[in-house]
Structure formats: C-alpha cells, structure tokens
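Trainee: What follows is a predicted structure for the sequence shown.
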Amino acid sequence: MVLDEQEISLTDFCVELEHISNLLAYSKGLEFKIKLSPDLPKKVIIDGTRLRQILWNLIGNAAKFSDQGKIIVKVSYESENRLIFCVKDPGIGMSIEEQDKIFTLYYQIKNTPGKIANKGAGIGLAVSKQFAQKMGGDITVKSMKGQGSCFTLSVKAPLCLEKTAVLKNEDINLPLLHVLLVEDVDINITVACAVFKKLKISFEVAMSGSEALSIFSPERFDLVFLDIHLPDMTGFEIAQQIRSDHHQKSLPPLIAFTANILKKEKEYLDKGMNDVLSKPLSTQSLIQIIRKYFSDFSAPHPERKQQYRDIENKGSVLNLNLLKHYIELLGFPNMKKNVALFEKTLPHYLSTLEDHAKTKNQQGILEEAHKIESASGSVGLSYLQQCSHAIQTTSQWNKVQHGIDDLKQHWKIHIKMLREWIEQNGERMQ
C-alpha cells in the first residue's frame, strides 16, 4: 500500500468527522462528542483518506456495540509528531481474551455464547491496524466486559511549518455535473450527498441495482458511483450490465464506491469500473476524480443543471432519501410523531440559542446549535441542519446571528413542507 500524504487542516478534518459521526450516533439514539486538545496544530502532513477510513471503522464499531450513552473521541498531538485519537464507547466491552484476538483477520466478537454480535466480515479492525502501522503508528484497546471500550489510534503526522496557498472549494471552477449515486446505506448516502451539495453538483440516488439500471442512460449522467454490495446485485454486475447495454464511448466514468479497501485498484478495473473511491466520500477525493476525468473543466451537459433544478431545490430543504428510509424503518405514524416532537421542542432550542448569542456564550451556542443540527437530521430537514451546523463552525458573531435569523425565518415553513411531503408519500411507502 502506498500512502498519499498531503497537507490537511486538522480543524476541517475534525469538523467533518464530527458531522458524520453525529448522524451515525443519532440514528442509534446515542450522543457523540469530539474533544480537541487546545495545543492541536492547525495543519499536518498525513494520508487523510486512510486516517478517515480507520476512524470511521472505530467509530462505527463504537456505535454498533452500544445501545445508549455517549461516544467520545479525544484528539491530541504529542511529541515526535504523534497524532492521537482515543475513541471511547459505553458499549458491551470485551474480555482480556477477546482483546488479544480482535485484530486478527475475520475474528468476530461474541456477545453471548453462540450469538455473534457483529454481522460484518470481521476484517475492519485487522486492516485498520495494518494501516495505522503503515502510517507509523498503531491501534491499542482497553476494555472491560460490560463497561465499554477505549480504542487509541496513534499515527505519525509531521507539522506543516511553511505557509502554502490552499485552493478553496469555492474557488475551483468545477463543471456543471449531474451524477448518479447507487448506495443503500443511509449514512453513506447522507455524507456523499453533503459533498455533492457543497460542490454544487446535482445528483440522483438509487438504492438498488434494479433502480439504478431503470433510471440510467449515458445522456443523463456525467459520473456514476456504484456501491459494491447492494440488496439485489453487486456494483460489478451493474457496471457490466451498463457496458453490455450501451456503446462504450458514450458511457460516463463508472466509479466503484466502497469501504472494502483490501482489493487492489486493478481488481475493480478488471470488473468493469473506471476508478475506485473509498467511503466515506470526502470533498478532496471527489475533486480529484473530477479533475481526472474532466481536466478542462468544461461542462459536458450544461442543460442538466436546469433540467434537475427542481430535484436540487427540493433536496436543499428535505433529505428525501433519509425520509424514505426513516418511514420504511419507523412507519408512517411514528414518523409523524417524530415531526410533532421536533415542532414542539425546536422553539425552546431556538430561544435558548438566541439567549446564548445575546450574552456571547460560545459554549452554550455550540451545544444548542448541535442539538438543533441533530434534531433536524432526525426528521430529514436538510436546510435547517446545514444552518445549525454553520453556526457551530463560524468564528464571527454576526454570522452566528445571521444563522439564528435564518433558522427563525424558515423553520415553520420547512416543517409545513415536511408534513405535506409525509402526508403525500408516507402511507404508500410503508
């Protein structure tokens, strides 16, 4: 494995990690908190993609084996260029015997005799440890049965001492693309769509192979991202079917979208893919793919921006894919109850947030905005979620107030739109 070590902003990296992890934790009724050491450097040199994959595996496991409580990630920087992440969960814990085995390929933790708690392939921790060691570090664990676990990841991350010009996303002249994401896991859809929206890329989502094939045409999409493991077929089978049904020269790039980082790139190419991206999708990795296949940044299908504007505008208010998933998971009546609860609690959250803003209570603002972000995500209100997230990430007081005003202006009409959408679509989706 060759590392792709580049300069990254630790602040941006941790904000992105917190945002993704909050969605995962909230979906399981858990809390998530990230604590940054005050002496954390702003920028380091590291393979951000591999680091993200390791942490996503550790945090995903923490959520998988926890039923209630709070997942805490502490981030610090120690001597000899050591970047440290401690992932602590309130889950089922492990015996000393299990702690010796969990980094073995294909080992699965047993909850009770004969009952396997982890239904996955069991390769995540073993591969993550290999990656950590390749990055000059390691992963260790401390745990007690029934009392949770703490995984510590250390990696080598030299400081960026020289100031370098960094091209911001908004400064990049990207083409007007329309992409197809074929993915069935809720959190992966949420993250990928957030990246698409950030780069102003219009998109459609298919949650199965049959749905993807039914809507695909070469003239409609500029890029196609294919998850490998879908309910009805594999991403490879979809790619092969597309190549069988359409003329090769007319096809957009078919990109494998996978968390299985064991395979070599050639294996994906041999099975019909043009390229491969790892989950979770990051802004930088998507920009690199766009640069690779649209090097002149010309707009291959500029009319699509107008054609799919309604989809994009609707998506800016409601996360339709999440809503569909929630209704299928919770049922129509329970989803309506969730919306009613959100409508009841949000005015209190907003009032408290505004009080903290008036007194310039920064910690209070962060905590209350985070509550609104999590609650908005639980009912699929994308725009309110983005507004509350923006409040947490700005350092300017006028922008905090602008975000609060934005929330106050839009929340009632957005809840009305949400109710109307649920009434129109909810019952037939159960």
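Mentor: Received it, and whenever you're ready, just let me know what you need.

Trainee: Tell me, how many residues neighbour residue 358?
Mentor: For residue 358, the count of nearby residues is 9 (other Cβ atoms under 10 Å). Every C-beta, even on glycine, is put in place using the N, C-alpha and C of the backbone.

Trainee: How about residue 60?
Mentor: Quick note: residue 60 (other Cβ under 10 Å) scores 17 neighbours.

Trainee: Same check on residue 348?
Mentor: 11.

Trainee: any idea of the pLDDT on it?
Mentor: At residue 348, the predicted lDDT confidence score is 91.

Trainee: That one falls within a strand, correct?
Mentor: No. Following the definition DSSP: H, G, I helix; E, B strand; the rest coil, residue 348 is helix and is not counted among the residues of a strand.

Trainee: Report pLDDT for the spatially most central residue of the chain.
Mentor: The residue at the geometric middle of the chain, judged as the C-alpha nearest the mean C-alpha position with Cα atoms, centre = their mean, is residue 191 (3.2 Å). The per-residue pLDDT reported for residue 191 equals 78.

Trainee: Make 13 the starting number, not 1.
Mentor: Right, with 13 as the first residue, what we last looked at is residue 203.

Trainee: I figured it was touching residue 289, is that so?
Mentor: No. Taking Cβ atoms under 8 Å as the contact criterion, residue 203 and residue 289 are not neighbours in contact, 11.9 Å apart.

Trainee: got the contact list for residue 281?
Mentor: Counting by Cβ atoms under 8 Å, 6 or more residues apart in numbering, residue 281 makes contact with residue 287.

Trainee: Angles on the backbone of it, please.
Mentor: According to degrees, to the nearest 10, the main-chain angles of residue 281 amount to phi -60, psi -40.

Trainee: any idea how far the helix or strand hosting residue 424 is from the chain center?
Mentor: Take DSSP states H and E as the rule and residue 424 turns out to sit in helix 409-441. On the basis of Cα atoms, centre = their mean, to the nearest Å, helix 409-441 is displaced by 22 Å from the centre of the chain it belongs to.

Trainee: Now it: average pLDDT?
Mentor: Throughout helix 409-441, pLDDT has a mean value of 83.

Trainee: That helix - contacts with which helices or strands?
Mentor: Secondary-structure packing of helix 409-441 (3 or more Cβ pairs under 8 Å, 6 or more residues apart in numbering; DSSP states H and E): helix 332-342, helix 344-370, helix 374-390, helix 394-405.

Trainee: That helix: which residues count as buried?
Mentor: Burial within helix 409-441, assessed by neighbour count using 16 or more other Cβ atoms under 10 Å, is assigned to 412, 415-416, 418-419, 422-423, 426-427, 429-430, 433-434, 438.

Trainee: As a markdown table, the residues you listed with distance to residue 84 would be great.
Mentor: Below are the buried residues of helix 409-441 laid out as a markdown table (distance: Cβ to Cβ, whole Å):
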| residue | distance to residue 84 |
| --- | --- |
| 412 | 25 |
| 415 | 26 |
| 416 | 28 |
| 418 | 30 |
| 419 | 27 |
| 422 | 32 |
| 423 | 30 |
| 426 | 32 |
| 427 | 32 |
| 429 | 36 |
| 430 | 32 |
| 433 | 36 |
| 434 | 34 |
| 438 | 36 |
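
Trainee: Closest to residue 59 out of the residues you listed?
Mentor: When the buried residues of helix 409-441 are compared for distance to residue 59 (Cβ to Cβ), residue 415 comes out closest, at 33.5 Å.

Trainee: pLDDT score assigned to the residue nearest to that closest one when sequence neighbours are not counted?
Mentor: In space, and not counting its chain neighbours, residue 415 is closest to residue 403: 4.0 Å by Cβ to Cβ, 6 or more residues apart in numbering. At residue 403 the predicted local confidence, pLDDT, stands at 88.

Trainee: and if you look at residue 312?
Mentor: Residue 312 is assigned a pLDDT of 42 by the prediction.

Trainee: what does residue 264 give?
Mentor: Each residue has a pLDDT score; the one for residue 264 is 94.

Trainee: Please apply the same query to residue 105.
Mentor: Turning to residue 105, the model gives it a pLDDT of 91.

Trainee: Next: residue 308.
Mentor: We note a pLDDT of 50 for residue 308 in this prediction.

Trainee: just residue 147 next, same as before
Mentor: According to the prediction, residue 147 has pLDDT 95.

Trainee: need the contact list for it.
Mentor: For residue 147, counting by Cβ under 8 Å, 6+ apart, the contacting residues are 15, 58-59, 62-63, 167-168.

Trainee: The same query, at a cut-off of 10 Å, please.
Mentor: Residue 147 makes contact with 13, 15, 17, 58-59, 62-63, 66, 95, 165-169 under the criterion Cβ atoms under 10 Å, 6 or more residues apart in numbering.

Trainee: swap in residue 200?
Mentor: If you count contacts by Cβ under 10 Å, 6+ apart, residue 200 has them with 32, 68, 193, 239, 269, 271, 291-293.

Trainee: tell me the secondary structure for it?
Mentor: Classification of residue 200 by three-state DSSP places it in helix.

Trainee: Can you get me a residue count around the residue nearest to residue 189 when sequence neighbours are not counted?
Mentor: Take residue 189 and drop its neighbours on the chain: the residue closest to it by Cβ to Cβ, 6+ apart is residue 234, 4.4 Å away. Using other Cβ under 10 Å, the number of residues around residue 234 comes to 22.

Trainee: so residue 234 sits right up against residue 266, yeah?
Mentor: No. Residue 234 is beyond contact range of residue 266, at 11.6 Å (criterion: Cβ atoms under 10 Å).

Trainee: Overlap in contacts, these two.
Mentor: Taking Cβ under 10 Å, 6+ apart as the contact criterion, the residues that touch both residue 234 and residue 266 are residue 192.

Trainee: Now the phi/psi pair for the closest residue to residue 277 other than its chain neighbours, please.
Mentor: On the basis of Cβ to Cβ, 6+ apart, the spatially nearest residue to residue 277 that is not a chain neighbour turns out to be residue 288, at 5.6 Å. Listed backbone geometry of residue 288 is phi -140, psi 140, with angles given as degrees, to the nearest 10.

Trainee: residues in contact with residue 288?
Mentor: With contacts defined as Cβ under 10 Å, 6+ apart, the neighbours of residue 288 are 238, 240, 267-270, 272-273, 275-281, 301.
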